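[1] predicted model, plus sequence, below.
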Amino acid sequence: EMHVSVSSSTQCQQAQRFSNYGTITVGTEYHVQIAFDPSSVTIKASQSQDWPNSNVITQTFTRDATLSDSVGQTASVWWISDGFDTQHRTYAGNATFRNIVLMSVIYPTS
């Protein structure tokens, strides 16, 4: 199961569990798209050969807007596994990522 966290004005790592997708299979390539705005986070995923035409699973979560002090600042991105050690530290995700595009747009308010 995939877990995505996007910070907001009330929580640093609000849990968005992408439970609609099911099991991620080792050795299978996936295409994942994560988009968010002040009110929602949307995750889309499918096996790479299916993207974007078939078998795309989409799940949307509500969220509070990002803290205004954080807008325009550098954002960190981590890929980790769901495993924890005895001190509750997570393990590296042990995956290969390629063709990663990170885009950020600040839309003017009217």
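    Thanks, I have it. Predicted model, so just to flag it, every value in this text is computed and none were measured.

[2] three-state assignment of Tyr107?
    At Tyr107 the chain is in coil, as set by DSSP: H, G, I helix; E, B strand; the rest coil.

[3] just the pLDDT for it.
    On the pLDDT scale, Tyr107 is placed at 73.

[4] repeat for His31
    pLDDT at His31 comes out at 88.

[5] show me the contacts for it.
    For His31, the contact set (CB atoms under 8 Å, 6 or more residues apart in numbering) comprises 45-48, 50-52. For every residue, glycine as well, the C-beta is placed using N, CA and C.

[6] repeat that for 6 Å
    Residues in contact with His31 (CB atoms under 6 Å, 6 or more residues apart in numbering) are 46, 48, 51.

[7] just Val105 next, same as before
    Applying CB under 6 Å, 6+ apart, no residues contact Val105.

[8] quick one: it and Thr74, what's the gap?
    Computed as CB to CB, to the nearest Å, the Val105 to Thr74 distance reads 16 Å.

[9] do the same with Asn53
    Counting by CB to CB, the gap from Asn53 to Thr74 is 35 Å.

[10] and what of Tyr107?
    Distance from Tyr107 to Thr74, by CB to CB: 19 Å.

[11] now swap in Val41 and tell me
    Taking CB to CB, one finds Val41 at 20 Å from Thr74.

[12] confirm Gln49 sits in a strand?
    No - Gln49 is assigned helix when assessed by three-state DSSP, not a strand.

[13] now do the contacts for it.
    Counting by CB under 6 Å, 6+ apart, Gln49 touches no other residue.

[14] one more time with 8 Å, if that's ok
    So Gln49 contacts Glu29 (CB under 8 Å, 6+ apart).

[15] more neighbours: which of Val41 and Thr74?
    Val41 (20 against 6; other CB atoms under 10 Å).

[16] check contacts around the more buried one.
    Neighbour list for Val41: 4, 6, 16, 34-35, 60-61, 63 [criterion: CB under 8 Å, 6+ apart].

[17] so among those, where is pLDDT lowest?
    Gln16 (75).

[18] now do the one helix or strand that one maps to: which elements does it pack against?
    Under DSSP states H and E, the secondary-structure element containing Gln16 is strand 15-18. Strand 15-18 sits against strand 2-5, strand 40-47, strand 57-62, with contacts defined as 3 or more CB pairs under 8 Å, 6 or more residues apart in numbering; DSSP states H and E.

[19] much appreciated, bye for now.
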